[in-house]
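> Just to be clear, the model below is a prediction. Sequence and coordinates:
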Amino acid sequence: GDSVTQMQGQVTLSEDDFLFINCTYSTTWYPTLFWYVQYPGEGPQLLLKVTTANNKGISRGFEATYDKGTTSFHLQKASVQESDSAVYYCVLGERGTGSNRLTFGKGTKFSLIP
Amino acid sequence: EAAVTQSPRSKVAVTGGKVTLSCHQTNNHDYMYWYRQDTGHGLRLIHYSYVADSTEKGDIPDGYKASRPSQENFSLILELASLSQTAVYFCASSEGWGGAYEQYFGPGTRLTVL
């Protein structure tokens, strides 16, 4: 079945540092890749969606792309702020199956060094 | 106004008891989903539905039932609650078929089984 591997469980950086989170995926269907963000006490919400390999999704200062050859996708931000502290999930969506299912990675908790 | 609401927001249940978690959406979406969130596991799909009066099994359906009496409402039922079902439960909705559409999440229900 479909799977998503998100290896970085936690990332801690200083303000204005560069953030990079990477995931790999496996699917037999046409993939759409998402990044969801979850703030404390809330449900996950969509941050970015990328439907075509090598195309770039951009939102709120974050960028995301995916590479079909290496079946990897990543999220990056040039200069992180306190307000970016949250859990980030890489998510695989299936196209063409009819289920509209999403497969979540385990999440990366990002926080600033106090 | 919140488009996906869940009730209760938190609940303490006894082992072997029956628990019903409710979800209501005002998005006019056909698809609804139930996930559980555990530390280190991300979100895992329990049940989903794409039309009223019909539900489908997700990836971890054992020990759970679902009910979709109307387009707006989707319930998750634990007939015999167990300690291992302690988790945060999220409901979500989405539109569409055959595509990877954004899912809109509720705020979650924290369930503690004692």
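Now that the structure is in, tell me what you want to look at.
> Run through the residues that contact residue B:69.
By CB atoms under 8 Å, 6 or more residues apart in numbering or on different chains, the contact list for residue B:69 reads B:52-53, B:75. Where C-beta positions appear, they are placed from N, C-alpha and C, glycine not excepted.
> Using ChimeraX, define a selection of the buried residues within these.
The ChimeraX selection below is limited to those of those classed as buried (16 or more other CB atoms under 10 Å in any protein chain shown):
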select /B:75
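> So which of the contacts of residue B:69 is the closest to chain A?
Nearest to chain A, judged by CB to the nearest CB, of the contacts of residue B:69 is residue B:52 at 16.1 Å.
> before we move on, back to that, could I get the contacts of residue B:69 in JSON lines, plus columns for distance to residue A:104 and pLDDT?
Output for the contacts of residue B:69, formatted as JSON lines (distance: CB to CB, whole Å; pLDDT from 0 to 100):
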{"residue": "B:52", "distance to residue A:104": "26", "pLDDT": "94"}
{"residue": "B:53", "distance to residue A:104": "28", "pLDDT": "95"}
{"residue": "B:75", "distance to residue A:104": "22", "pLDDT": "98"}
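> Intersect the contacts of residue B:69 with the contacts of chain A.
For chain A, no contacts are drawn from these by CB under 8 Å from any CB of the partner chain.
> Could you tell me which of the contacts of residue B:69 belong to helices?
In helices, judged by DSSP state H, none of the contacts of residue B:69 are found.
> and residue B:77, that one's in a strand?
Yes: secondary structure of residue B:77 (DSSP: H, G, I helix; E, B strand; the rest coil): part of a strand.
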